[in-house]
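Kindly generate the corresponding structure for this input.
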Amino acid sequence: MFDSLQDKLQGVFSRLSNRGKLSEADVDVALREVRMALLESDVNFKVVKEFIGRVRERAIGAEVTHSLTPAQQVVKIVHEELIATLGAPSRLNLDGPTPHVVMLIGLQGSGKTTTAAKLALMLKKSNHRPLLVAADTRRPAAIQQLQVLGRQLDVPVYTEATNVAPPTICANAIKEARQKAYDVVILDTAGRLHIDDALMDELAQIKNKTAPGEILLVADAMTGQDAVRVAESFHQRVGLTGLILTKVDGDARGGAAISIRSVTGVPVKFMGIGEKLSDLEPFHPDRLASRILGMGDMLTLIEKAQAAVDQDKAQRAGQRLLTGEFDLEDFLEQLHEIKKLGPLTQVLQMVPGLGKLTRDLSPDVTDQQLKRIEAMIQSMTREERRDPRVLNGSRKRRVARGSGTDVQEINQLLVQFRQMQRLMKQFGGGKGQRSLMNLLGGFRLR
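Modelled structure (predicted):
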């Protein structure tokens, strides 16, 4: 979502770094470009004006003029002010007696029902016992969708007949939660294509009957400034405690994510970053600011790895690598672990310095390509995986037939594997960045 803004800001800072001492005129030229980049990314005009004002005040003062690296100091100021604009991190309020009630509201099509399931999964992983409530009786498909998602997650879903009023359903669900010791109740309420009085009256009744500790607006980040206007309207009529931005992984310009906290005063608590039920992450303003400025996001990557990757397998692979025993069987196992982290380009963008390089990769470097590599290795015997040197012409032809590839691709894989072995030995010394790009970009799908 932030690729265009990231490129423009990095271009501005690159030009600044070519200068030594910065004059006030240099700062003004740079900030004019930053302002245009933010406006073109659909950031609210008022937010941009205030942001640029704060940055300029600090950038033309002693904080920069007395610095040994003035350009880097400007980047630091922009980073800090961007964090301030995005707001402080805000956790889900689960204080007080159980069951804790989380009410999800939003317009139809914002991803509310899927987000309810994602939130339930996140809470379940944190040792909570969530209960999902299908309170959207106007759209029977929403009830069925939530039931299907609940079965996938092994999370119970409370439903009643569609002729029962949603406020009554929600109140009865809370009684059910108390009886069966569910500690968090997630209300999936009805949405509309637009905000109207009937919707607001229904939401107000649900709020009065359930006394939710959290009222979270699920807003589609792809809608740009409309998401900001929708958030303002819901906040005025219902009173929000937080926001969940969905479709942050899309190709919209990203201005809503930057503007929404500043304009509404309501904290963003979560971001939907993909279609999988695990693709919901807490909103960390400092990490998002680092991503926007192309600094990567190693903390999120580390957290993803700790949650998804088998640590014992990773440790064994590391030991085999150090002893020179790392083979294609280990490589296949590590491919399986990497796939758990999400799309390859998304993972690489979290590594400082690799964000821009991932956009220079061949279009063929996709998750489909990883599946093709996996198919080739799985078509080999255990002996061939452990010692690829035994792969003669006839063996390669057999592997190619079994994986739907050709001998040339098998040869490319073997060359790449040898490159990867050398790369891993170099990576600790910081020499492997370009080699990694060559490795990923050198393999071509047919």
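
Count the neighbours of Asp226 for me.
By the criterion of other Cβ atoms under 10 Å, Asp226 has 14 neighbours. Where C-beta positions appear, they are placed from N, C-alpha and C, glycine not excepted.

Tell me who's in contact with the nearest residue to Arg138 once chain neighbours are set aside.
Nearest non-adjacent residue to Arg138, counting by Cβ to Cβ, 6 or more residues apart in numbering: Ala190, 5.1 Å away. By Cβ atoms under 8 Å, 6 or more residues apart in numbering, the contact set of Ala190 is 135-139, 142, 166, 199, 202.

And Lys209, by the same measure?
Residues near Lys209 by Cβ under 8 Å, 6+ apart: 167-168, 170-171.

between these, which is closest to Val27?
Cys170 (53.8 Å; Cβ to Cβ).

Please look at the closest one and Leu187 and confirm they touch.
Yes. Between Cys170 and Leu187 there is a contact under Cβ atoms under 8 Å: 5.3 Å.

out of the two, which sits in the more crowded spot?
Leu187 (30 against 25).

Pretty sure that one sits in a strand.
Yes. With DSSP: H, G, I helix; E, B strand; the rest coil as the criterion, Leu187 is part of a strand.

looking at it, it is touching Gly213, isn't it?
No. Using Cβ under 8 Å as the test, Leu187 is too far from Gly213 to be in contact (11.5 Å).

what's the overlap in contacts for those two?
Contact criterion Cβ under 8 Å, 6+ apart; residues shared by Leu187 and Gly213: 101-102.

pLDDT below threshold where in the stretch 301-446 of the chain?
In the predicted model of the stretch 301-446 of the chain, residues 301-325, 338-367, 420-446 satisfy pLDDT under 70.

let's see 90
Residues of the stretch 301-446 of the chain meeting the criterion pLDDT under 90: 301-374, 382, 385-389, 403-406, 409, 412-446.

Give me the neighbour count for Ser14.
Ser14 sits with 10 neighbouring residues when counted by other Cβ under 10 Å.

Can you pull the phi/psi pair for it?
Backbone torsions of Ser14, given as degrees, to the nearest 10, read phi -60, psi -40.

now it: how far from Ala165?
Separation of Ser14 from Ala165 (Cβ to Cβ, to the nearest Å): 59 Å.

next one: Ile373
Distance of Ile373 to Ala165, computed by Cβ to Cβ: 55 Å.

Which one's more surrounded, those two?
Neighbours per residue (other Cβ under 10 Å) separate Ile373 from Ala165, with Ile373 holding more: 20 against 15.

Surely that one is in contact with Leu413?
Yes. Between Ile373 and Leu413 there is a contact under Cβ under 8 Å: 6.2 Å.

what do Cys170 and Leu187 both touch?
What both Cys170 and Leu187 touch, as defined by Cβ under 8 Å, 6+ apart, is the set 133, 135, 206, 210.

Give the helix, strand or coil label for the first one.
Three-state secondary structure (criterion: three-state DSSP) places Val133 in strand.

and the nearest residue to it once chain neighbours are set aside, how many residues sit next to it?
In space, and not counting its chain neighbours, Val133 is closest to Ala173: 4.3 Å by Cβ to Cβ, 6+ apart. For Ala173, the number of neighbouring residues by other Cβ under 10 Å comes to 26.

got the contact list for Val155?
Contacts for Val155 (Cβ under 8 Å, 6+ apart) come out as 117, 120-121, 124, 130-132, 149.

Quick one: residues contacting the spatially closest residue to it that is not a sequence neighbour.
Spatially, and ignoring its direct neighbours in sequence, Val155 is nearest to Ala120 (4.7 Å; Cβ to Cβ, 6+ apart). Residues near Ala120 by Cβ under 8 Å, 6+ apart: 130, 132, 150, 153, 155, 186.

Would you check which pair of these lies furthest apart?
By the measure Cβ to Cβ, Leu153 and Ile186 form the most distant pair in the contacts of Ala120, at 11.5 Å.

Right, I'll leave it there.
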